[in-house]
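K.L.:
have a look; sequence and predicted model below, questions after that.
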Amino acid sequence: MSSFFLKKKPKGAPKRKHESVKSKPEKKSKAPKPKEEEEDDEIDSDEAFSDPENKTYDKEGEDTDEELETPQDKRLRLAKQYLEEVKLEEERRAEDKDLDDTVSKRLRTDYLESVGKLRKSIADSIRGFKEAKTLKHKKQKLPLTTIVVSEDGKHVFSGAKTSVVVKWDLETLKPLGSFDVAPHTEDLRTDIKRRPHIIAMCISSDNKFLALADGGNNIQIWCPHELKHLNTLKGHRDTVQGLVFRKETHDLYSASMDRSVKIWSIDEMAYVESLFGHQAAITGIDALSRERAITSGGIDCSVRVWKITEESQLIFNAHRGSIENVKFINEENFLSSGDDGSLCLWSAIKKKPQFTEKLTHGKQPNGDANWISTIATVVNTDLIASGSSDGFVRLWKMADHGRKLESLFKIPVEGFVNGLSFANGGKQLLVAVGQEHRLGRWWRNSRAKNAVLIFNLDWEEKEEPNCSR
């Protein structure tokens, strides 16, 4: 053995009898060593697998006394091991494929939505509705006039012919707070104090700003989280009747009885520009992602599409009475309605409506058409709702690639339907109901309740809504 493995004996250690160095180191008998040197000695590999009972194991840790594995057993064991590895690998591949498919579908959906060509068919999945749940607040005893749902579908804000706006939790159906707009109300047309009347509201896509028209010619900006007043925008010379945020931005569009559309930058709380063209008071406005808006011109019987970056506008005429509402379905199709009772379906590239549903909500006892007071859509889908004072909210399907409207069913609602909004992708329909029309006191239905009604729609469960260009 090399001298490297030889150690000197400690001083004073007793000599052992019959001590000798043999020529074959593998048979050398090991002498006991002092405790302080035991940790420095090498451990023989044969000793590492011995137990106190002198039972010896091989280096694999297997009992050598047991029967050895036969070649056939070994082949079987290896085959099972291989199959298990293949199974695990295929499961991982399947998971990766599902993830890839999910990412691919999401990217495709986002792209189609960004270019305004996303289409989801959901109307055929709806089979009916459940009994309504009612939201009433003691500070909103007068008729409800408008509702707006946050982009995440968690909260809803209700406005009424009072000066108070109430914030609700859409899951628990409990009020989370309220605020009074009266202290911030100004009327530049007269020194006479007036009672605020919430006519219109809208909320930004990121839920950072809530804009409202208080019945005067100014616009109030509030924080929807803390319910604090942020600013008042001044510029219109008459009552503001419509508000909308451009999707995914803080650009606010406002429509007024002064016949103008104004654009505001809420990040800077500043006026940007005005758009003119209507010959009468503007009654409604809507916008999506593109830098354009649609407006209804009231008694001038026109609908206008404003191409803001191009500084141009398109004019659409079809209604025989005052046009009160406009709503985008997608970037290419939109709706209009008014006091003639007609619901018109338009394409942005054609001057005439694709389809017109006359007397949508029937007639009044005097023979006049029931005034369509509000409409709502689930953006980029085929689901539409309309409301009036005939006792029903009606649901529609946009069919034949935007060329036709088909009636789905109607939901009984007593009173004037002054506001409609879909939530959670069309699974809930919210209705703002009042005893009077939101803009005046021409009629009154004493049987109606001044409240917000929430209808959960019955859906036929499907894996994924159909998407098309």
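P.N.:
Noted; the coordinates are in hand.
K.L.:
from here on, just use CA atoms for contacts and neighbour counts.
P.N.:
Noted.
K.L.:
hang on, Asp286 packs against Ser296?
P.N.:
No: look at Asp286 against Ser296 with Cα atoms under 8 Å: they stay out of range, at 9.3 Å.
K.L.:
overlap in contacts, those two.
P.N.:
Val326 (Cα atoms under 8 Å, 6 or more residues apart in numbering).
K.L.:
of these two, who's got more company?
P.N.:
Neighbours were counted for Asp286 and for Ser296 using other Cα atoms under 10 Å; Ser296 has more, 31 against 23.
K.L.:
buried residues in stretch 224-243, which are they?
P.N.:
Residues of stretch 224-243 classed as buried: 224, 227, 229, 232-233, 236-243 (neighbour count, 16 or more other Cα atoms under 10 Å).
K.L.:
I misspoke; the intended subject was stretch 325-341.
P.N.:
For stretch 325-341, burial by neighbour count (16+ other Cα under 10 Å) applies to 325-331, 333-341.
K.L.:
tell me the one of those residues nearest Lys307?
P.N.:
Ranked by distance to Lys307 (Cα to Cα), those are led by Glu331 at 12.4 Å.
K.L.:
which residues touch the spatially most central residue of the chain?
P.N.:
Geometric centre of the chain, nearest residue: Asp152, 4.2 Å, by Cα atoms, centre = their mean. By Cα under 8 Å, 6+ apart, the contact list for Asp152 reads Asn424.
K.L.:
so where is this structure shaky, pLDDT-wise?
P.N.:
Applying pLDDT under 70 to the chain flags residues 1-67, 97, 99-104, 106-117, 187-194, 461-469.
K.L.:
try it again with 80
P.N.:
Residue ranges of the chain with pLDDT under 80: 1-68, 92-118, 186-195, 461-469.
K.L.:
from the buried residues of stretch 325-341, which land in helices?
P.N.:
Using DSSP state H, no member of the buried residues of stretch 325-341 sits in helices.
K.L.:
and stretch 415-432, end to end?
P.N.:
10 Å (Cα to Cα, to the nearest Å).
K.L.:
just to revisit the earlier point, and the residue nearest to the centre of the chain, how far from Asn317?
P.N.:
Applying Cα to Cα to Asp152 and Asn317 gives a distance of 36 Å.
K.L.:
ok, now Gln279?
P.N.:
Distance from Gln279 to Asn317, by Cα to Cα: 13 Å.
K.L.:
show only the entries of the buried residues of stretch 325-341 found in strands.
P.N.:
325-328, 333-338 (DSSP state E).
K.L.:
centre of the chain to stretch 176-190, how far?
P.N.:
Remark: stretch 176-190 is offset 30 Å from the chain centroid, using Cα atoms, centre = their mean, to the nearest Å.
K.L.:
go through it and flag the buried ones.
P.N.:
By neighbour count on 16+ other Cα under 10 Å, the buried set for stretch 176-190 is 178, 180-181, 185-187.
K.L.:
all strands of the stretch 101-250 of the chain, in order?
P.N.:
For the stretch 101-250 of the chain, the strands defined by DSSP state E, counting those that start in this stretch occupy 119-121, 126-129, 133-135, 144-149, 155-160, 164-169, 175-180, 200-203, 210-213, 218-223, 228-234, 240-245.
K.L.:
name every strand pairing with the longest one and say which way it goes.
P.N.:
Under the criterion DSSP bridges, strand 228-234 sits next to strand 218-223 (antiparallel) in its sheet.
K.L.:
where along the stretch 351-469 of the chain do the strands fall?
P.N.:
Going by DSSP E, counting those that start in this stretch, the stretch 351-469 of the chain shows strands at 355-357, 374-377, 383-387, 392-399, 404-412, 416-423, 428-434, 451-459, 466-468.
K.L.:
closest to Ile198 out of these?
P.N.:
When the strands of the stretch 351-469 of the chain are compared (using Cα to Cα), the closest one is strand 416-423, at 11.7 Å.
K.L.:
strand partners (parallel or antiparallel) of the closest one?
P.N.:
strand 428-434 (antiparallel).
K.L.:
could you tell me how far the partner strand lies from the centre of the chain?
P.N.:
Chain-centre distance of strand 428-434: 19 Å, with Cα atoms, centre = their mean.
K.L.:
stretch 440-460 too?
P.N.:
25 Å.
K.L.:
give the buried residues for it.
P.N.:
448-457, 459.
K.L.:
what bridges to the nearest residue to Lys136 once chain neighbours are set aside?
P.N.:
Distances taken as Cα to Cα, 6 or more residues apart in numbering place Ala451 nearest to Lys136, at 5.1 Å, with adjacent residues excluded. Note on Ala451: beta-bridge partners Val433, judged by DSSP bridges.
K.L.:
again with Val166
P.N.:
Going by DSSP bridges, Val166 forms beta bridges with Ser158, Ser178.
K.L.:
could you pull out the helices for this protein?
P.N.:
Here the chain has its helices, by DSSP H, at 35-38, 71-114.
K.L.:
residues contacting Lys427?
P.N.:
Contacts of Lys427 (Cα under 8 Å, 6+ apart): 456-459.
K.L.:
mind doing that once more with 6 Å?
P.N.:
Counting by Cα atoms under 6 Å, 6 or more residues apart in numbering, Lys427 makes contact with Leu457.
K.L.:
what about it, distance to Ser125?
P.N.:
10 Å.
K.L.:
and for Phe409, the neighbour number?
P.N.:
What Phe409 shows, counting by other Cα under 10 Å, is a neighbour count of 16.
K.L.:
so who does it touch?
P.N.:
Here Phe409 is in contact with Leu395 (Cα under 6 Å, 6+ apart).
K.L.:
that one bridge partners, please.
P.N.:
Phe409 has these beta-bridge partners by DSSP bridges: Leu395.
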